[in-house]
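Novice: here is a sequence together with a model predicted from it:
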2 protein chains.
Amino acid sequence: MIEVSGLKKATMKDIAREAKVSVATVSYILNNVNNQVIKDETRCRVLETAKRLNYIPSLTARSLAKGNSGMVALLFNRSERDGLWRKMYYGMLAERAETLCKQAGLHLLVLGMDSERPTFDIVRQREVDGVLLVDVKREKFRDISVHFSIGVPIVLIDSYIDDPLFKKVVIDYRQAFALWMERSGGSGKQCFLVLDEFSNESMMTEIINASQLDSASVFVLSADSASGLPEFLLRQQGKSGVALNEFVGLFVANASQGLKLELTVFCTIGCPEILPPGVRTLRTEEDGGQLDVAFRIMRSMVESKHKDVDYLAVGTESGSYVPISLK
Amino acid sequence: MIEVSGLKKATMKDIAREAKVSVATVSYILNNVNNQVIKDETRCRVLETAKRLNYIPSLTARSLAKGNSGMVALLFNRSERDGLWRKMYYGMLAERAETLCKQAGLHLLVLGMDSERPTFDIVRQREVDGVLLVDVKREKFRDISVHFSIGVPIVLIDSYIDDPLFKKVVIDYRQAFALWMERSGGSGKQCFLVLDEFSNESMMTEIINASQLDSASVFVLSADSASGLPEFLLRQQGKSGVALNEFVGLFVANASQGLKLELTVFCTIGCPEILPPGVRTLRTEEDGGQLDVAFRIMRSMVESKHKDVDYLAVGTESGSYVPISLK
DNA sequence: TTGTAGGCGTTATCAG
DNA sequence: CTGATAACGCCTACAA
């Protein structure tokens, strides 16, 4: 057998042996444990040999010992009905989540779930520290939240769910539509709306209600319905309309080339730049959109777990819905 | 202290106790170990209590014991100079990688690296099974490949690197440009090219060479240079040009609205649908683009590790560059 | 200031 | 067919 890997992984034990100290000491030093006092000389010696042996800590072992992994999971639904705009949406969330994780010193796990039987097992399987959950089906969620190990911070996006146990970041659609109406000049005009199909039905009805439009003026985009979009847009000529999120907006813009209609996109993701010129936008107050807010909340929940709190009053007093307004 | 989580995590030990067998037996049964013969009745009993206790295996512990984690890492470079098109590119890769991982029964870890000092430590820290590496800087890579634990399958994308030790998936740009020339009618025409800025310089020079264009006709897109794009495109009026990858294509298309120029996009990612109508495309032979190919290669390398091979002849005989042609 | 030893949940090797 | 038991690498309370 050929020796492929040059140096076989050095462990703390190796360092301890080389530096003539115990593993515990090595652990103390490498982790900057503060309640331990270490002689400077020992510290240097250990640090030195650690470097020399090219020591790389095993986060796996650490996870097992500590009961948390330093990983955050981004979970979203997968469905046959997902069109490209949705994949891009998820992709963008993942990309952004990675940036935020990096800043926070966390690693990101990206996982799609079957929207018909979502499973959160991963959270416990991998000792995940926190979860960002996108577009959960209401019923499915209730089933699962029973088996779910509370204590792991979860923040929901694109989901209306009664359970006050979980924080939810939502766009304030009523405010957004009101603002849009105001800007585009009075509610007398003819309007239409295109939105992505969510698994979470309450989400959809809430949005549609907020728009105050009748169903004939609303187009729900899915892989199945997509082919009907051009025809729908044709019927909306002369009207002014709204597309929900940048990617849906992109598709609508592409499909409406040559048509005479005024398009406004509610930018909930934080990337209005992808839209072609000529498209109007309403944007989130803070850069980065929903995900940034959700992540921040999740972070602070993770933090407070390390404090002296026995249990987490997860979104009770302060309300479990965190609204985001557009401008 | 309030009891928040209902059932505390059941372990194999718990099951063993309840079912009056040993942990080993439980492990055998739960993992369908085939070289062990288990009485049917015992099997049922164990399976039953596992269900009853709502057992969820600890992949963390499994990783530690087995030395591999069931996770695959998607690593890419981060730079200040990354524009939105690049973030979308990474996002799309992540989204696609997740789908592929799911199909393969793997979990996906998404990680950005500082392109100036990339670090692969993660691979060993988390016992990652395989790595997809995007756009690595040649010099940096050499530094690191020393410390790198070979034996973990790595496949590179968007990178030209001499080291034959690693498989690399590359677009056959010469073929692509030839095809494009042929289709757009003769090489006599005036042409231009817009491409994203890669960290891997060889990649860029290779592409530019393949295009046979002089530097005045080539625009390298980065966050710094982006503002100059409209002006560049203005100068290219009447010419026909190429944009590399769908997202760069999208930006060029947006920026060239109203200008008279013919745009062709080399679709290397597998999502030509995002492009506005009127844009020509050259697409990869197989759906899904580079990532699918890279993933497939990585998978087969992971597989063959579980076989009886002592070491991996990683891309030696068969060549370490896997070209993808467009059509 | 440093060491000892038990534990985290699985896997895998031997014995029965 | 099943059961002990030693790894896996790290953390940490408790000794010394």
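Specialist: Nice, thanks for sending it over.
Novice: quick check, central residue of chain A?
Specialist: residue A:132 (4.5 Å; C-alpha atoms, centre = their mean).
Novice: any idea which element that residue lies in?
Specialist: Here residue A:132, judged by DSSP states H and E, is contained in strand A:130-134.
Novice: tally of neighbours for the nearest residue to residue A:33 once chain neighbours are set aside?
Specialist: In space, residue A:33 comes closest to residue A:27 once its chain neighbours are excluded; the distance is 7.4 Å by C-beta to C-beta, 6 or more residues apart in numbering or on different chains. Backbone N, C-alpha and C define where each C-beta goes, glycine included. When neighbours are counted by other C-beta atoms under 10 Å in any protein chain shown, residue A:27 registers 18.
Novice: output the one helix or strand residue A:27 maps to as CSV, nothing but the C-alphas.
Specialist: Here residue A:27, judged by DSSP H and E, is contained in helix A:23-30. Below are the C-alpha coordinates for helix A:23-30, written out as CSV (Å, rounded to 0.1, in the frame of the first residue of the first chain):
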residue,chain,number,x,y,z
VAL,A,23,-3.9,15.9,26.8
ALA,A,24,-5.9,18.1,29.2
THR,A,25,-3.3,20.7,29.2
VAL,A,26,-3.1,20.7,25.5
SER,A,27,-6.9,21.1,25.3
TYR,A,28,-6.8,24.0,27.8
ILE,A,29,-4.1,25.8,25.8
LEU,A,30,-5.5,25.2,22.3
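Novice: quick check: residues of chain A near DNA strand C?
Specialist: Counting by C-beta under 7 Å from any atom of the strand, chain A comes close to DNA strand C at A:20-25, A:28, A:36-39, A:41-43, A:61, A:64-65, A:67.
Novice: average pLDDT across the helix holding residue A:27?
Specialist: Per-residue confidence for helix A:23-30 averages out to 95 on the pLDDT scale.
Novice: so what touches it?
Specialist: With contact meaning C-beta atoms under 8 Å, 6 or more residues apart in numbering or on different chains, helix A:23-30 is reached by A:12-13, A:15-16, A:19, A:33, A:36, A:38, A:42-43, A:46-47, A:50, A:55, A:57.
Novice: give the next helix or strand downstream of whatever helix or strand residue A:177 lives in.
Specialist: Under the criterion DSSP H and E, the helix or strand holding residue A:177 is helix A:173-183. Counting by DSSP H and E, the next helix or strand C-terminal to helix A:173-183 is strand A:191-196.
Novice: that next one pairs with which strands, parallel or anti?
Specialist: Sheet pairing for strand A:191-196, assigned by DSSP bridges, gives strand A:218-221 (parallel), strand A:240-244 (parallel).
Novice: now whatever residue of the stretch 101-250 of chain A ends up closest to chain B. Nearest residue, chain neighbours left out?
Specialist: When scored by C-beta to the nearest C-beta, the stretch 101-250 of chain A has residue A:125 as its residue closest to chain B, at 4.4 Å. Spatially, and ignoring its direct neighbours in sequence, residue A:125 is nearest to residue B:59 (4.4 Å; C-beta to C-beta, 6+ apart).
Novice: mind listing what that neighbour touches?
Specialist: Contact criterion C-beta under 8 Å, 6+ apart gives A:125, A:126, B:69, B:70 as the residues in contact with residue B:59.
Novice: quickly check those residues for the two that are furthest apart.
Specialist: Using C-beta to C-beta, the pair of the contacts of residue B:59 lying farthest apart is A:125 and B:69, separated by 11.0 Å.
Novice: ok, these two, which is more surrounded?
Specialist: When residue A:125 and residue B:69 are compared on other C-beta under 10 Å, the one with more neighbours turns out to be residue B:69, at 22 against 18.
Novice: okay but that one is in contact with residue B:61, surely?
Specialist: No: here residue B:69 lies out of contact with residue B:61, judged by C-beta atoms under 8 Å, at a distance of 11.1 Å.
Novice: what subset of the residues of chain A next to DNA strand C is buried?
Specialist: A residue is treated as buried here by neighbour count (16 or more other C-beta atoms under 10 Å in any protein chain shown); on that basis the buried members of these are A:21, A:25, A:28, A:42, A:43, A:61, A:64.
Novice: the fifth one: which element?
Specialist: So that's residue A:43. Taking DSSP H and E as the criterion, the element that holds residue A:43 is helix A:40-52.
Novice: looking at the longest helix anywhere in chain A now, give me its mean pLDDT.
Specialist: Of all segments of type helix in chain A, defined using DSSP state H, the longest is helix A:84-104. Mean per-residue pLDDT for helix A:84-104: 96.
Novice: list the buried residues of stretch A:160-178.
Specialist: A:160-161, A:165-177.
Novice: does chain B have contacts with that stretch?
Specialist: No: remark: stretch A:160-178 sits outside contact range of chain B, by C-beta under 8 Å from any C-beta of the partner chain, the gap being at least 9.7 Å.
Novice: measure that stretch end to end?
Specialist: End-to-end distance of stretch A:160-178: 20 Å, with C-alpha to C-alpha, to the nearest Å as the criterion.
Novice: check whether stretch A:116-130 contacts DNA strand D.
Specialist: No: using C-beta under 7 Å from any atom of the strand, stretch A:116-130 stays clear of DNA strand D, with a minimum separation of 12.0 Å.
Novice: report the buried residues of that stretch.
Specialist: Using 16+ other C-beta under 10 Å, the residues of stretch A:116-130 that count as buried are A:118, A:120, A:122, A:123, A:124, A:125, A:126, A:127, A:128, A:129, A:130.
Novice: got it, and stretch A:298-307?
Specialist: By neighbour count, with 16+ other C-beta under 10 Å as the criterion, the buried positions of stretch A:298-307 are A:298, A:299, A:301, A:302, A:305.
Novice: now pLDDT too, for these, in CSV please.
Specialist: CSV is the format used below for the buried residues of stretch A:298-307 (pLDDT from 0 to 100):
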residue, pLDDT
A:298, 94
A:299, 93
A:301, 89
A:302, 87
A:305, 70
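Novice: for these, which one is nearest residue B:105?
Specialist: Within these, the smallest distance to residue B:105 is 27.0 Å, found for residue A:298 (C-beta to C-beta).
Novice: assign residue A:213 to helix, strand or coil.
Specialist: Applying DSSP: H, G, I helix; E, B strand; the rest coil to residue A:213 yields a three-state assignment of coil.
Novice: surely it and residue A:194 touch.
Specialist: No: taking contacts as C-beta under 8 Å, residue A:213 lies outside contact range of residue A:194: 10.9 Å.
Novice: which residues of the stretch 1-150 of chain A lie near DNA strand D?
Specialist: The stretch 1-150 of chain A comes close to DNA strand D at residues A:9, A:11-13, A:23-24, A:27-28, A:30-31, A:33, A:57-58, A:61-62, A:64-66, as judged by C-beta under 7 Å from any atom of the strand.
Novice: swap the cut-off to 10 Å and go again
Specialist: Residues of the stretch 1-150 of chain A lying near DNA strand D by C-beta under 10 Å from any atom of the strand: A:8-16, A:22-31, A:33, A:35-36, A:50, A:55-68.
Novice: which parts of the stretch 151-300 of chain A are helices?
Specialist: Across the stretch 151-300 of chain A, reading from the start of the chain, the helices by DSSP state H, counting those that start in this stretch fall at A:173-183, A:201-211, A:229-235, A:246-255, A:289-306.
Novice: just name the most buried of those helices.
Specialist: Compared across those, helix A:246-255 shows the largest average neighbour count, a mean of 24 (mean count of other C-beta atoms under 10 Å in any protein chain shown).
Novice: list the contacts of it.
Specialist: Under the criterion C-beta under 8 Å, 6+ apart, residues A:83-86, A:88-89, A:92, A:194-196, A:221, A:226, A:229-230, A:233, A:241, A:243, A:263, A:265, A:267-269, A:271-272, A:274-276, A:279, B:250, B:274-277 lie in contact with helix A:246-255.
Novice: filter those down to the buried ones, ChimeraX style.
Specialist: Buried residues within the contacts of helix A:246-255, by 16+ other C-beta under 10 Å, are selected in ChimeraX with:
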select /A:83,84,85,86,88,89,92,194,195,196,221,226,229,233,241,243,263,265,267,268,269,271,272,274,275,276,279 /B:250,274,275,276
